[in-house]
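Trainee: Below is the sequence, then the predicted model.
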Amino acid sequence: MTHRKAGILKSESDPYWGPDCAAPHLAEAPGGSATQLEPALTHPQGTAPLACRAIVLDTNIVLDAFVFADPTTAPLRQALADGRLRWIATQPMREELQRVLGYPQIVRRLVFYQRSAAAVLEHFDTLVHLHAVAPKAPVTCKDPDDQKFIDLAVAQRTTLLSKDHAVLCMAKRLIALGVRAQAAIN
């Protein structure tokens, strides 16, 4: 089966890209056919392919990356674009983003950066691999709004990007559960 999503074709049967990683970037040729450009991920001949890693992004990181285009999020945006990272989220995370995009101070920033809430949500919908809501993790965040991000990261044993002190102060407890909580990727 082949999927077309955000200008990328990928085949689930392709052992190189697999079902959860980005496929080679493709360009639309005249007449609607796709022509392959360079693969987003490369590996030396005869070695195993590079695996993409799942990552959970809290709402402030999403705003920094896709509204404010904060330069510190450039490595994150590039890793998502070329398939080295696979952004995972839940429907309540999307709902929180939609709610936050309506806050007056964020609306002013959207106007300033010439972006729209609809475009940010479309970007979310294009990049995110939706998961079911995760069960409550064995650790509890002081900020209840951040718990859903922790729960998913713990359930998937993956990296959680957040600048929220309530999350980052839990880093030692989260690492014991297989989660790296950090403010940015290098």
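Mentor: Now that the structure is in, tell me what you want to look at.

Trainee: So, low pLDDT: which residues of this protein?
Mentor: Within the chain, the stretches with pLDDT under 70 are 1-51.

Trainee: which residues of it fall in strands?
Mentor: 2-5, 8-11, 26-28, 34-36, 53-57, 85-89, 129-130, 159-161, 181-182 (DSSP state E).

Trainee: May I ask you to confirm that Lys163 is in contact with Ile61?
Mentor: Yes. Proximity of Lys163 to Ile61 meets the contact threshold set by CB atoms under 8 Å, at 6.7 Å. All C-beta spots, glycine's among them, are computed from the backbone N, C-alpha and C.

Trainee: Compare those two and say which is more crowded by neighbours.
Mentor: Of the pair Lys163 and Ile61, Ile61 is the one with more neighbours under other CB atoms under 10 Å, namely 24 against 14.

Trainee: excluding its backbone neighbours, what's nearest that one?
Mentor: Distances taken as CB to CB, 6 or more residues apart in numbering place Leu161 nearest to Ile61, at 4.7 Å, with adjacent residues excluded.

Trainee: For the nearest residue to Lys148 once chain neighbours are set aside, grab the count of nearby residues.
Mentor: The shortest distance from Lys148 to any non-neighbouring residue, by CB to CB, 6+ apart, is to Pro92 (5.5 Å). Pro92 is flanked by 12 other residues according to other CB under 10 Å.

Trainee: Use 39 as the first number from now on
Mentor: With 39 as the first residue, the last one maps to Pro130.

Trainee: Quick check: Pro130 touching Val171?
Mentor: Yes. Applying CB under 8 Å as the test, Pro130 and Val171 come out as touching, 6.4 Å apart.

Trainee: Since that was my last question, I'll sign off now.
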